[in-house]
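**Student:** show me how the following folds:
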Amino acid sequence: MTLHFSVLASGSSGNAFYIGTDKQKLLVDAGLSGKQLEKLFYEVNIEPSALDGILVTHEHSDHVKGLGILARRYNLPIYANEKTWEAMQKNIGEIKLDQKFIFQMETTKTFGDMEVESFGVSHDAAEPMFYVFHHAGKKVALVTDTGYVSERIKKTVENADAYIFEANHDIEMLRMGRYPWNVKRRILGDLGHVSNEDSAIALTDIIGNQTKRIYLAHLSKDNNMKELARMSVTQILDERGFHMDKNIEIHDTDPSMPTPIYKVS
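**Tutor:** As a prediction, this is how the structure comes out:
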């Protein structure tokens with residue numbers, strides 16, 4: 001099997017992303033309960049015990065809720081940068097020293113036959129970072145939880161075969177919604193989340209000839225809808241000359257249902 005992945009869960013309530021090759025199986029984030037995570041793994045026929053490690057993006061509970069439980073249950077190594085380790089320590093319980101590893105921002109680590117590149121994002125966490133996965137000339141980029149997509153991020157993730165890309169909110173739904181103004185301001189700000197429109201505009205700068213799939217991720221339960229996100233992103237990409245129906249597929253993600261395993265070919 002080549003590079004393959006499933007967005008196990010994505011949304012404001014919990015996030016987990018599985019990616020693997022013949023020789024390596026990794027989980028990125030564990031933002032649901034241990035029981036929920038196990039259920040999601042079994043739905044895509046992956047044994048959690050077969051994992052080689054867990055990468056962490058940042059310390060928010062929708063990304064680390066089940067991290068400690070899963071790591072202890074299956075004796076899995078955890079990789080995160082130093083500031084994220086400090087920030088999440090109190091929320092994940094006791095982790096043995098031989099399971100703790102540092103993965104610094106803006107570096108590349110080798111996991112078996114997979115290269116994993118980390119990059120910083122703009123979000124209200126200690127030192128949030130996301131990842132690009134490389135294997136046999138294929139590239140998968142995971143980009144959520146950022147207030148904007150910087151030129152540096154665009155350069156790092158350009159021309160990936162597949163994107164798991166944030167489309168958190170519809171701006172009008174958020175503005176008209178029930179959230180208090182300080183929360184709305186946080187989401188709309190540079191340390192918040194990317195809107196449907198901003199997601200599409202960023203994607204127009206990074207999609208390349210290799211790009212085959214886009215998974216719209218981390219949708220807000222209160223301020224977005226799958227149909228709306230897909231329509232907004234598709235419309236902008238179509239307007240800018242990307243033939244979505246012919247060349248690139250857009251897929252939904254869900255907070256409680258995994259996407260089918262996709263083999264990058």
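**Student:** now the helices for the protein?
**Tutor:** 34-43, 61-64, 67-74, 82-92, 151-157, 171-176, 181-188, 196-206, 226-239 (DSSP state H).
**Student:** now do the strands in the chain.
**Tutor:** Along the chain, the segments classed as strands by DSSP state E run 4-9, 16-20, 25-28, 53-55, 78-80, 100-102, 108-111, 114-120, 129-135, 138-143, 162-166, 213-217, 249-252, 262-263.
**Student:** distance between the second one and the chain's centre?
**Tutor:** Which is strand 16-20. Relative to the chain's own centre, strand 16-20 is displaced by 9 Å; criterion: Cα atoms, centre = their mean, to the nearest Å.
**Student:** again, but for the fifth one
**Tutor:** Relative to its parent chain, strand 78-80 has a centroid offset of 15 Å by Cα atoms, centre = their mean.
**Student:** excluding sequence neighbours, find me the nearest residue to residue 107.
**Tutor:** Once flanking residues are discounted, residue 107 sits nearest to residue 118: 5.8 Å by Cβ to Cβ, 6 or more residues apart in numbering. Yep, even glycine has a C-beta here, placed from its N, CA and C like the rest.
**Student:** the one you found against residue 84, yeah?
**Tutor:** No - using Cβ atoms under 8 Å, residue 118 makes no contact with residue 84, being 10.8 Å away.
**Student:** pass me the low-pLDDT residue ranges in the stretch 101-250 of the chain, would you?
**Tutor:** Per-residue confidence for the stretch 101-250 of the chain (pLDDT under 70) gives these ranges: 245.
**Student:** mind listing what's buried in stretch 35-44?
**Tutor:** 36-38, 40-41, 44 (16 or more other Cβ atoms under 10 Å).
**Student:** repeat that for stretch 64-74.
**Tutor:** Buried, per 16+ other Cβ under 10 Å, within stretch 64-74: 64-72, 74.
**Student:** contacts for it next, please.
**Tutor:** The contact list for stretch 64-74 (Cβ atoms under 8 Å, 6 or more residues apart in numbering) reads 14, 27, 29-34, 36-37, 48-49, 51, 54, 56, 76-78, 88, 91-95, 99.
**Student:** local confidence estimate at residue 11?
**Tutor:** Residue 11 is assigned 97 on the pLDDT scale.
**Student:** for residue 236, see how far away the nearest residue in space to it that is not next to it in sequence is.
**Tutor:** Spatial nearest neighbour of residue 11, excluding adjacent residues (Cβ to Cβ, 6+ apart): residue 255 at 3.3 Å. Taking Cβ to Cβ, to the nearest Å as the measure, residue 255 falls 24 Å from residue 236.
**Student:** intersection of neighbour lists for residue 118 and residue 84?
**Tutor:** Contacts common to residue 118 and residue 84, judged by Cβ under 8 Å, 6+ apart, are residue 129.
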